[in-house]
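Engineer: Got a predicted structure here, sequence first:
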Amino acid sequence: MSKVVSTRLSGETEARLQRLARRLGKTPSETGAMLIEESLREIEFAYIEFRNSPVGRQAYLKNSNLSVWQVIMLAKQYQSNLEQTATHLEKSIEWIKAAFNYAEAYPEEITNAIADDLATNYTTLKRILPQIELISIPLDVLESDL
């Protein structure tokens, strides 16, 4: 159940909120609610911050270019072994635990992001990145480098 909460903003802050709302395609009220929710999550979860990405705002791990779902997806390749994941990423166990803590609290968000990533292919990428070029490397060339 949602509740209406009013707040006073300076003229400049209100103008900045309007601009951000336009960029996100949301109302100022929706944008304000989103920013409050993200700010609360950042306070509640260590090492988490929200950033814009080509697919919208996502939870990232601080001091990295990895979103939470990417860390979780990689960890699944190590059967969710924290030590192996931390070694692979050259990060601390606590940093990896932070991703797991967030994913535990918001499993649907992480599951959906992983599913979206797995559905990505060249066709979907070229819509986002029109400058992308497909490069084919013959298998025999790859095998000869092994």
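Structural biologist: Perfect, thanks for sending it. Residues are numbered from 1 along each chain as shown.
Engineer: so who does residue 129 touch?
Structural biologist: By C-beta atoms under 8 Å, 6 or more residues apart in numbering, the contact list for residue 129 reads residue 54. Glycine gets a C-beta too; all of them are placed from N, C-alpha and C.
Engineer: Same question for residue 31.
Structural biologist: 17, 20, 21, 24.
Engineer: Any figure for the gap between it and residue 13?
Structural biologist: Distance from residue 31 to residue 13, counting by C-beta to C-beta, to the nearest Å: 12 Å.
Engineer: Please apply the same query to residue 87.
Structural biologist: 44 Å.
Engineer: tell me which element the residue nearest to the spatial centre of the chain is part of?
Structural biologist: The chain has residue 58 as the residue nearest its centroid, 3.2 Å off, counting by C-alpha atoms, centre = their mean. Using DSSP states H and E, residue 58 sits in strand 56-61.
Engineer: how about that strand as CSV, C-alpha atoms only?
Structural biologist: Extracted in CSV, the C-alpha atoms of strand 56-61 (Å, rounded to 0.1, in the frame of the first residue of the first chain):
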residue,chain,number,x,y,z
GLY,A,56,17.7,1.6,-16.7
ARG,A,57,18.8,2.2,-13.1
GLN,A,58,20.5,-0.8,-11.4
ALA,A,59,22.1,-1.7,-8.1
TYR,A,60,25.9,-1.8,-8.5
LEU,A,61,28.7,-2.7,-6.1
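Engineer: Could you pull out the buried residues of the helix or strand following it?
Structural biologist: Going down the chain from strand 56-61, the next helix or strand is helix 68-77, by DSSP H and E. Across helix 68-77, burial judged by 16 or more other C-beta atoms under 10 Å covers 68, 69, 70, 71, 72, 73, 74, 75.
Engineer: what's the answer for stretch 112-123, then?
Structural biologist: Under 16+ other C-beta under 10 Å, the buried positions of stretch 112-123 are 113, 114.
Engineer: Where does the prediction get shaky in the protein?
Structural biologist: Within the chain, the segments meeting pLDDT under 70 span 145-146.
Engineer: need the helices for it, in chain order.
Structural biologist: 11-24, 28-44, 68-77, 82-89, 93-105, 107-118, 122-128, 139-144 (DSSP state H).
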